[in-house]
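In: need coordinates for the following:
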Amino acid sequence: MFQTLRIIQEGAAQALQQLWANKLRTFLSLLGVTIGIFCIIGVKSAVNSLEDNIRNSMKKLGNDVIYIEKFSWSEDPGDNYWKWMRRPNFSFTEFEALQDRLKLADKVGFWQFLGSKTVKFRSSNVENVFFLGVTEDCQDLFHLEFDNDGRFMNSVEYHSGTDVCVMGDKIAESLFGPGIDPVDREINVGGRKLRIIGVLKKAGNDLLKPFNFDQAVLVGFNLARRGFNVRKEGQFERTSVCVQAKPGVNLDDMQDEITGVLRSERRLKPREENNFALNTLSILSNLFDGVFGVLNFAGALIGGFALLVGMFSVANIMFVSVKERTNLIGIKMALGAKRWFILLEILVEAVLLCVVGGLLGLLLIWIVTAIISRVLDFEITLSLGNVMFGILTSVIVGMLAGLIPARQASKMDPVEAIRQ
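Out: Got it, this is the predicted structure:
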C-alpha cells in the first residue's frame with residue numbers, strides 16, 4: 001500500500017514537472033479536454049438550470065389538478081387548429097354542473113377572458129389591460145399571493161358582484177407609480193368604478209409562467225356577468241375550467257368522473273368522441289423530458305468529439321514523455337521496479353494531466369455561467385454533481401489516453417531501455 005501511494009506521488013510529481021517544463025505543448029494538448037469538459041458540463045449545467053426553473057414553475061399548476069380545455073397539451077395545436085376551434089366554449093352552466101356533481105373534487109375553478117380594456121386613475125391611464133372573470137376557488141388554484149395588505153375577494157363580495165378587483169403588479173406600477181399604495185383606491189374602467197382590494201406579487205423570473213397576472217385585472221365572475229356582458233358569444237371568447245382532486249384521490253378516477261359529467265351536459269352520444277380535453281401536469285412533464293433529453297444528448301455528442309481529440313492529444317504527450325524517459329525507466333526496472341509500478345506511474349501522470357484540463361474547463365464554465373446569470377437575469381448554477389461528473393470524466397479520459405503508452409513503457413526490456 002505504501003509503495004502504491006509512493007508511485008502515485010511520483011507520477012503526480014512527474015506530471016506537474018511535464019506541465020511546467022513544456023507549458024505550450026501541454027496547454028495545446030489539454031485544450032481538447034478543456035473544451036470537451038466545457039461543452040459537456042456547460043450544456044448539462046444550462047439544461048439542469050433550465051429544467052429546474054421550468055419544473056418549479058410547473059409545480060404551480062399542481063400535480064392534483066386537471067385542466068379542462070378545448071385542446072390537448074399532448075398534441076400540436078397547429079395540426080388540429082380547426083378541430084379545436086369547432087369545439088364549444090365551456091359555459092358557466094357546465095362549471096356549476098361539475099361543482100355540484102363531482103364527488104372526488106376538492107375545488108372547481110372557472111374563468112373567462114373579458115377582453116382588453118383601458119384602466120384610468122385620475123390623469124393616468126394604462127391601455128390594453130386584459131381582464132379576467134374568475135370564481136372563488138381560483139385564488140387557491142392560481143396560488144395567488146399579494147403584496148402588503150392585499151387580499152382576494154371574499155364570499156360576500158363575490159356572490160353579490162361587488163365592484164372590487166385584484167390588480168397585477170405591472171399594471172399597478174404603471175398606473176400609480178412609486179410611493180402610492182393602490183389598495184382601496186378606485187379605478188375607472190369604461191365608466192365603471194372598481195375598488196382595488198389587492199395587488200398580486202410579481203410573477204418573477206421563471207421562464208414558464210403558468211399564471212402570469214402581472215398585466216391583468218381579476219374580477220369576480222358575478223361582477224363580470226353584471227358589468228362586462230360575458231353572455232355575448234364571440235369568436236374569441238375564452239373560457240377554461242380546472243378541477244383539483246381531494247387528497248388521496250386518483251386522477252384517473254377523477255378524469256372518468258369529469259368525462260361522465262361533461263358528456264352528460266353536452267348530450268354526447270356513446271359513439272361520439274369527447275369535444276373537450278383533460279390535461280394534467282404529467283403531460284407537460286413527459287414533453288419536457290424528451291426536450292431535455294435531446295439537449296443533454298447534443299451537449300454530450302459535441303463534448304464527446306472534443307474529448308476524443310483531447311484524449312489523443314494527451315496520449316501523444318505520454319508517448320513523448322515515455323520516449324524522453326526511456327533510459328530512466330530502464331534504470332528503475334534494473335533496480336527492481338516491477339512492471340505494474342511503471343504502468344501505474346504513467347497512468348497517474350496521464351490522469352493528472354486530464355484532470356488539470358478538466359478543472360480548467362470547469363473554471364471556464366463557472367466564469368461563463370456567472371456572466372450569463374448577471375447579464376440575462378437567469379441563474380445558471382454549476383452544481384456539485386456536475387463538478388464531480390466532470391472530474392470523473394476527466395479521470396476516465398486520462399486512463400484511456402495513458403493506457404497504451406503505459407503498457408508500452410511497462411513492457412520495455414531494461415537493458416535495451418538503458419542503452420537508449
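In: what about D252, helix or strand, and which?
Out: Following DSSP states H and E, the helix or strand that holds D252 is helix 251-265.
In: show the average pLDDT along that helix.
Out: Averaged across helix 251-265, the pLDDT comes to 90.
In: over to stretch 71-81?
Out: Mean pLDDT, stretch 71-81: 71.
In: span of it from start to end?
Out: End-to-end distance of stretch 71-81 (C-alpha to C-alpha, to the nearest Å): 9 Å.
In: strand partners (parallel or antiparallel) of the helix or strand where L278 lies?
Out: Remark: L278 resides in strand 277-279, with elements defined by DSSP H and E. The strands that strand 277-279 pairs with in its sheet are strand 65-69 (antiparallel) (by DSSP bridges).
In: compute the inter-axis angle for the strand it pairs with and helix 251-265.
Out: If you take axes from the mean of the first three to the mean of the last three C-alpha atoms, to 10 degrees, strand 65-69 sits at 30 degrees to helix 251-265.
In: quick one: name whatever helix or strand follows strand 65-69.
Out: Counting by DSSP H and E, what follows strand 65-69 is helix 81-86.
In: buried residues in the next helix or strand after that next one, which are they?
Out: Proceeding N to C from helix 81-86, the next assigned helix or strand is helix 92-101, under DSSP H and E. Within helix 92-101, the residues that qualify as buried are 92, 94-95, 97-99, counting by 16 or more other C-beta atoms under 10 Å. (Glycine included, C-beta is placed from N, CA and C.)
In: and of those residues, the nearest to R195?
Out: F92 (24.1 Å; C-beta to C-beta).
In: name the nearest residue to G198, sequence neighbours excluded.
Out: Distance criterion C-beta to C-beta, 6 or more residues apart in numbering; nearest residue to G198, sequence neighbours excluded, is G150 at 2.9 Å.
In: may I have the phi/psi pair for the one you found?
Out: Per-residue torsions, G150: phi -70, psi 160 (degrees, to the nearest 10).
In: tell me how this protein divides into domains.
Out: As given by automatic domain parsing, the domain ranges for the chain are 2-57+286-419, 64-279.
In: weakest of these by average pLDDT?
Out: The weakest mean pLDDT among those belongs to domain 2-57+286-419, with a mean of 76.
In: for the chain, which segments count as strands?
Out: Secondary structure of the chain (DSSP state E): strands located at 65-69, 105-121, 124-134, 164-167, 186-189, 192-199, 216-220, 238-245, 277-279.
In: okay if I get these as a markdown table plus distance to A315?
Out: Below are the strands of the chain laid out as a markdown table (distance: least, C-beta to C-beta, whole Å):
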| stretch | distance to A315 |
| --- | --- |
| strand 65-69 | 56 |
| strand 105-121 | 63 |
| strand 124-134 | 62 |
| strand 164-167 | 65 |
| strand 186-189 | 72 |
| strand 192-199 | 64 |
| strand 216-220 | 61 |
| strand 238-245 | 59 |
| strand 277-279 | 53 |
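In: can you add mean neighbour count and distance to I40 and give these back as CSV?
Out: Output for the strands of the chain, formatted as CSV (neighbours: other C-beta atoms under 10 Å; distance: least, C-beta to C-beta, whole Å):
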stretch, mean neighbour count, distance to I40
strand 65-69, 20, 37
strand 105-121, 19, 44
strand 124-134, 18, 43
strand 164-167, 25, 46
strand 186-189, 18, 53
strand 192-199, 19, 45
strand 216-220, 25, 42
strand 238-245, 20, 40
strand 277-279, 18, 35
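In: out of those strands, the one nearest R271 is which?
Out: Checking the strands of the chain against R271 by C-beta to C-beta gives strand 277-279 as the closest, at 18.6 Å.
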